[in-house]
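**Student:** can you look at this prediction? I've put the sequence above it.
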Amino acid sequence: ETGVTQSPTHLIKTRGQQVTLRCSSQSGHNTVSWYQQALGQGPQFIFQYYREEENGRGNFPPRFSGLQFPNYSSELNVNALELDDSALYLCASSPESLRQAGYGYTFGSGTRLTVV
Amino acid sequence: AQTVTQSQPEMSVQEAETVTLSCTYDTSENNYYLFWYKQPPSRQMILVIRQEAYKQQNATENRFSVNFQKAAKSFSLKISDSQLGDTAMYFCALPIQGAQKLVFGQGTRLTINP
């Protein structure tokens, strides 16, 4: 069974630009969550998608948006990039059966975004 | 507010030694899970061990065990017979809002020296 795949692995963008990060969920997983991990910090919840609908959002501005597709893969879009958006962005998927259990998440290896 | 606090930014021990990582948390829920995740240089978060709050018995997974003190809201991780491959960042995490999101601590960087 394949795990969670994120692309690209590294990305450098200029302040003010827009970026799209991609995540392929593990086979059979219909829930995808996105986290932002600043250097030396723990991950912070951005939002979660369940069956193509946003299912909860953390304390992030509207310029952070997302999509989930029928195959349960997902995108994270960030508009008007700021220097503080530089971080590791982690995607995690989980199966329906464990969605409300809090475990069963499979994390990807993340996308390292640098904003200059 | 539901929070997770790890007060040890870095720890270092010799191979084969035992090390304990500390975590305290705050939640208003009565039944919940607690997790320890490992993040090696590959950056992927890996679940090490989980504890269900209603279970009095501390969870154990091979060399990894927890000391769960519900009243004190403390959840420490003990690694026995530490190995070089245990070198990583370790995060304590609490699922909240119906397990919709995980709240992570700040992490502890653990280094196992040969």
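**Tutor:** Arrived safely. Residues are numbered from 1 along each chain as shown, chains lettered A, B, ... in the order given.
**Student:** contacting residues for the residue nearest to the spatial centre of chain A?
**Tutor:** The residue lying closest to the centre of chain A (C-alpha atoms, centre = their mean) is A:Trp34, at 2.9 Å. The neighbours of A:Trp34, taking C-beta atoms under 8 Å, 6 or more residues apart in numbering or on different chains as the test, are A:23, A:45-48, A:66, A:74, A:76, A:89-92. From N, CA and C alone the C-beta is placed, and that goes for glycine too.
**Student:** which of these fall in strands?
**Tutor:** Among these, the ones falling in strands (DSSP state E) are A:23, A:45-48, A:66, A:74, A:76, A:89-92.
**Student:** near chain B, from those?
**Tutor:** Taking C-beta under 8 Å from any C-beta of the partner chain, the overlap between the ones in strands among the contacts of A:Trp34 and the neighbourhood of chain B is A:45, A:48, A:90, A:92.
**Student:** how close does the residue nearest to B:Glu17 when sequence neighbours are not counted sit to B:Glu15?
**Tutor:** Among residues not flanking B:Glu17 along the chain, B:Ser82 sits closest, at 5.6 Å (C-beta to C-beta, 6 or more residues apart in numbering or on different chains). Note on B:Ser82: its distance to B:Glu15, by C-beta to C-beta, to the nearest Å, is 6 Å.
**Student:** between these two, which contacts overlap?
**Tutor:** B:Ile112.
**Student:** out of the two, which sits in the busier spot?
**Tutor:** B:Ser82 (20 against 13; other C-beta atoms under 10 Å in any protein chain shown).
**Student:** residue contacts, the more buried one?
**Tutor:** B:13-19, B:63, B:112.
**Student:** going through these, which ones are buried?
**Tutor:** Buried subset of these (neighbour count, 16 or more other C-beta atoms under 10 Å in any protein chain shown): B:13, B:19, B:112.
**Student:** ok, and of the residues you listed, which contact chain A?
**Tutor:** Among those, no residue sits close to chain A (C-beta under 8 Å from any C-beta).
**Student:** now the contacts of A:Trp34 in CSV, with distance to B:Leu77 and pLDDT?
**Tutor:** As requested, the contacts of A:Trp34 are exported to CSV (distance: C-beta to C-beta, whole Å; pLDDT from 0 to 100):
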residue, distance to B:Leu77, pLDDT
A:Cys23, 28, 97
A:Phe45, 22, 95
A:Ile46, 26, 97
A:Phe47, 28, 95
A:Gln48, 26, 93
A:Gly66, 32, 96
A:Ser74, 30, 96
A:Leu76, 30, 98
A:Tyr89, 26, 98
A:Leu90, 21, 97
A:Cys91, 25, 96
A:Ala92, 20, 94
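**Student:** which of these count as buried?
**Tutor:** The buried subset of the contacts of A:Trp34 - by 16+ other C-beta under 10 Å - is A:23, A:45-48, A:66, A:74, A:76, A:89-92.
**Student:** ok, A:Leu90 touching A:Gln44?
**Tutor:** No: using C-beta atoms under 8 Å, A:Leu90 is not in contact with A:Gln44; the gap is 9.9 Å.
**Student:** overlap of the contact sets of the two?
**Tutor:** What both A:Leu90 and A:Gln44 touch, as defined by C-beta under 8 Å, 6+ apart, is the set A:35-37.
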